[in-house]
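Task: produce atomic coordinates for the following.
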Amino acid sequence: MASTSKHTNGQAADQEKQQRTFDSGLLRRIIAYLLPYKAYVAGAFVLVIVAAVLGPVQPWLIQIAIDDYIVEGDYDGLLLIIGLLAGALVLEGTLRFVNSYLTQWIGQHAIYDLRTTVFRHIQNQPLGFFDKTPIGRLITRATSDVESISDVLSQGVVTILGDCFKLLFIAAFMFYLDWRLAIVTLTVMPLMVWVTFWFRRKVSVQYRETRKQVSRLNSFMQEHVTGMPIVQLFNREEEEMRRFRDINNAHRRAHINTIFYFALFWPAVSIISDIALGLVLWVGGIAAMADTVTLGVLVAFIQYARRFFEPIRNLSDQYNTLLSGMAGAERVFGLLDQDAALQEPDDPAPLNGLKGHIEFRNVWFTYDDLPEDDSTPNWILKDVSFEIHPGDTVAIVGATGAGKTTLINLLLRFYDIQRGEILVDGVDVQEYRLKDLRNHLGLVLQDVFLFSGSVERNLTLGDEAIDTADVRRAVEAIGAEDFIDRLPDGYQQDVRERGASLSHGQRQLLAFARAMLYDPKLLVLDEATSSVDTETELIMQRALDKVMEGRTCLVIAHRLSTVREADQILVMHRGELREQGTHDELLQQDGLYRKLYEYQYKEQERRALTS
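Prediction:
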C-alpha cells in the first residue's frame with residue numbers, strides 16, 4: 001500500500017516537474033516574439049525600474065519631513081521636501097504613462113507577428129489537415145487564443161520585472177530605516193507564499209479547461225451557423241439548442257470555477273496584508289512610545305507595509321494574465337507544432353512551361369494514415385495507371401465514391417500518394433515546387449467558393465499584376481459579361497460571403513472566368529456544369545469549346561456532351577480503373593461504361609432531344 005502511494009506521489013511529482021518545464025519552454029517561445037523589438041523592450045525595462053525606485057522614495061521623504069522638519073518646526077525645509085515629493089509623484093506618473101504606451105505598442109506589434117505566423121501556417125497545410133481539424137478550432141487559435149497572449153507580450157514580462165524591483169526597493173528602504181520593523185513586516189511572507197502557490201496550482205488547471213471550452217463553443221457555433229439550412233429544414237432547432245446548452249454550461253462552469261479561486265485568493269491576500277499592518281502598528285507603536293523608533297519611521301513603515309503587498313497583489317494578477325496567456329500559447333504553439341505541410345523538394349525541377357502530359361503509374365492512395373500493423377489500409381485508389389497526352393480532353397466517370405475527385409486532388413497535390421508515381425511532363429509532381437505546379441493549373445469545382453468582396457476581387461484574388469482589361473477579356477471569353485453588367489455595381493458589386501447574392505449558375509460562371517484569367521495549361525473541371533440550368537450550360541459550353549482548345553483538360557463528367565466529345569474516357573469503380581477508351585469504343589465493350597450510359601447518359605440524351 002505504501003509502495004503504491006509512493007509511486008502515485010512520484011508520478012504526480014514528475015508530472016508537475018514536466019508541467020513547469022513545459023511552461024517555461026512556452027514562455028521562452030512567447031518571449032521570442034519580442035526579440036525584433038528588443039531595443040524598445042530594453043527602454044521599457046529602464047522606465048519601469050526607475051518608476052519602481054520612485055515609489056519607495058515617497059514614504060522615505062515623508063519620514064524625513066516628519067522627523068527632521070515638522071518635529072523641529074523647520075518650515076523652509078518642509079517646503080523643500082514637499083517640492084521633492086511632488087516632483088517624485090509627477091515623474092513617476094509620467095514614467096508610468098510612457099511605459100504603459102510603450103509596452104502596449106511592443107505587445108501589439110509582437111501579437112501581429114504571431115497572428116501572421118499562425119495564419120501563414122494554416123495556409124500551408126494540405127487538405128488532409130482540414131479534413132481532421134474543425135474550422136471553429138482554427139478560428140479560435142488565430143483569434144481568442146492569440147489574443148490571450150497579447151497581455152503577456154504587452155505588459156506581463158515588463159510589469160512583473162517592475163513589481164519584483166519594487167519589492168526589492170521597498171524591502172531595502174525598510175531595512176535601511178529599521179531592520180526590526182522590517183522583519184516584523186516580513187513575518188507573514190511564508191503564509192503569503194503558501195497561499196500564492198496554492199492559488200497557482202488550482203487556477204492553472206482551470207485556465208486550460210476554460211480555453212478548451214471556448215474552442216468547443218466556437219467550433220459548435222461555426223459549424224451550426226454554416227449548416228443552419230439543414231438544421232431548419234429537418235426541424236432540429238430544439239435538439240441543437242439542447243446540445244448548445246450543454247456546451248455553454250460546460251463553458252460557464254469552467255469560468256465559475258476560476259472565479260471561485262479568485263474569490264478566495266484576493267480576500268486572503270488582503271487579510272494577510274492587514275495582519276502585517278497590525279503587527280507594524282503594534283510593535284512600532286510600542287517602540288515609538290519607548291522612544292526607540294521615531295514617529296516619522298512609524299508612519300513610513302505603515303505606508304511601506306501597505307505598499308509592500310501591493311506588488312504581491314499585482315504579481316498575482318500578472319500571474320493570472322500569464323496563466324491565461326500560457327493556456328492560449330499551449331494551444332497556439334500546439335497548432336504550429338502540428339505541421340502536416342507537404343514536403344517541398346530541396347532542389348526542385350524547373351517548370352517554366354507546362355506541356356500537359358500526365359501519367360499515373362500504379363498509384364495507391366488512402367486518406368488515412370498507413371497502419372503500423374499488417375492490417376490492410378482502406379485504399380481509395382488501387383493500382384491506378386493511365387496516360388493523358390498534351391491537348392487531350394479526358395472525362396472521368398463512375399458512381400459516387402469511385403475515386404474520381406481523388407484523382408484530381410492527387411494531381412493538384414492537395415494530398416500525397418502512398419505508392420506509385422504521378423508524372424507531369426515526365427517529372428514526378430513531388431519534384432516540382434507546389435507554387436510552380438499550381439501556377440499552370442486551373443480548377444473549377446461544382447461547389448464554387450466566393451469570398452466576401454467585389455466581383456473583380458473574386459476574379460483576381462488580389463493579384464495586382466492582373467489589370468481591369470485582363471479581367472474583362474476573361475469574362476467575355478466565358479460569356480459572363482451580360483450578367484455582370486446587369487449587376488447594380490457591375491464589377492464592384494459585393495457578392496457577400498460565399499457569393500450568397502448570386503445564383504449558383506452565376507457563381508460557376510465567375511469560377512470559370514477566374515480559372516481562365518490565369519491562362520492555365522491544364523484545366524480541371526470537377527462536375528463544374530452539373531448544377532446549372534440549360535441556358536447557362538449553353539453559355540458555358542460555347543466558352544469551354546474555345547478555352548479548351550490547345551489545353552489538356554481533365555473533366556469529372558456529368559453532362560453527356562462532355563463524355564461523348566472526350567478524347568478518352570476513364571471509368572472508375574471502387575477505386576480501380578476498370579475501363580478506358582473513347583465513347584464509341586467503350587459502348588462496344590458492353591461493360592461498366594455501357595451500363596452507366598444506358599442508365600444515366602441515355603436518359604439525358606433523350607431529354608435533350610425532346611426539349
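
can you give me the helices in the stretch 151-300 of the chain?
In the stretch 151-300 of the chain, the helices defined using DSSP state H, counting those that start in this stretch lie at 157-177, 179-186, 189-226, 228-233, 237-289, 295-337.

Please name every helix or strand in contact with the fifth one.
Same thing as helix 237-289. helix 179-186, helix 189-226, helix 295-337 (3 or more CB pairs under 8 Å, 6 or more residues apart in numbering; DSSP states H and E). The C-beta positions use only the backbone N, C-alpha and C, and glycine is treated the same way.

so which of the ones you listed gets nearest Asn458?
Using CB to CB as the measure, helix 189-226 is the one of those that comes nearest Asn458, at 19.2 Å.

okay, the angle between that closest one and helix 295-337?
Helix 189-226 and helix 295-337 are oriented at 40 degrees to each other (axes from the mean of the first three to the mean of the last three CA atoms, to 10 degrees).

Give the other helices and strands that helix 189-226 contacts.
helix 135-140, helix 237-289, helix 295-337.

now the longest one, how far from the chain's geometric center?
How far helix 237-289 lies from its chain's middle: 31 Å, per CA atoms, centre = their mean, to the nearest Å.

Let me know the angle separating that helix from helix 179-186.
Helix 237-289 runs at 160 degrees relative to helix 179-186, counting by the same axes, to 10 degrees.

spatially speaking, which residue is in the middle of this protein?
Nearest to the mean C-alpha position of the chain, by CA atoms, centre = their mean, lies Ala142 at 2.6 Å.

Check that one and give its pLDDT.
Ala142 is assigned 86 on the pLDDT scale.

Then Thr8?
At Thr8, the model reports a pLDDT of 38.

Quick check, Ile556 in contact with Ala402.
No. Ile556 is not in contact with Ala402 according to CB atoms under 8 Å; the separation is 10.1 Å.

Reformat the helices of the stretch 151-300 of the chain as TSV; add mean neighbour count, distance to Asp482 and mean pLDDT.
Shown next, in TSV, are those (neighbours: other CB atoms under 10 Å; distance: least, CB to CB, whole Å; pLDDT from 0 to 100):
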stretch	mean neighbour count	distance to Asp482	mean pLDDT
helix 157-177	20	60	83
helix 179-186	18	84	84
helix 189-226	17	31	79
helix 228-233	11	29	75
helix 237-289	15	41	83
helix 295-337	20	45	80
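
Of these, which is nearest Val98?
Taking these one by one with CB to CB, helix 157-177 is closest: 12.1 Å.

what's the angle between the closest one and helix 237-289?
If you take the same axes, to 10 degrees, helix 157-177 sits at 20 degrees to helix 237-289.

Can you tell me what sits against helix 157-177?
With contact meaning CB atoms under 8 Å, 6 or more residues apart in numbering, helix 157-177 is reached by 31, 34, 41, 44-45, 48-49, 51-53, 55-57, 59-60, 63, 99, 103, 181-182, 185-186, 297, 300-301, 304, 307-308, 311-312, 314-315, 318, 322.

where does the stretch 501-611 of the chain dip in pLDDT?
Residues of the stretch 501-611 of the chain meeting the criterion pLDDT under 70: 527-537, 539-540, 542-544, 546-547, 558-562, 600-611.

the helices in it, which residues?
Assigned by DSSP H, counting those that start in this stretch, the helices in the stretch 501-611 of the chain fall at 504-517, 534-547, 560-565, 583-589, 592-596, 602-610.

Put the alpha carbons of the shortest one into PDB.
Listed in PDB are the C-alpha atoms of helix 592-596, where the atom choice follows Å, rounded to 0.1, in the frame of the first residue of the first chain:
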ATOM      1  CA  LEU A 592     -19.500  -1.000 -67.000                       C
ATOM      2  CA  TYR A 593     -19.500   2.200 -69.100                       C
ATOM      3  CA  ARG A 594     -22.300   0.900 -71.300                       C
ATOM      4  CA  LYS A 595     -24.400   0.200 -68.200                       C
ATOM      5  CA  LEU A 596     -23.700   3.700 -66.900                       C
END
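
Show the contacting residues for Leu336.
Taking CB under 8 Å, 6+ apart as the test, what Leu336 contacts is 117-118, 121.

Pull out the buried residues from the residues you listed.
Buried residues within those, defined by neighbour count using 16 or more other CB atoms under 10 Å: 118, 121.

could I get the contacts of Leu336 as JSON lines with pLDDT, secondary structure and distance to Ser454?
Formatted as JSON lines, the contacts of Leu336 follow (pLDDT from 0 to 100; DSSP: H, G, I helix; E, B strand; the rest coil; distance: CB to CB, whole Å):
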{"residue": "Thr117", "pLDDT": "91", "secondary structure": "helix", "distance to Ser454": "29"}
{"residue": "Val118", "pLDDT": "91", "secondary structure": "helix", "distance to Ser454": "27"}
{"residue": "His121", "pLDDT": "89", "secondary structure": "helix", "distance to Ser454": "28"}
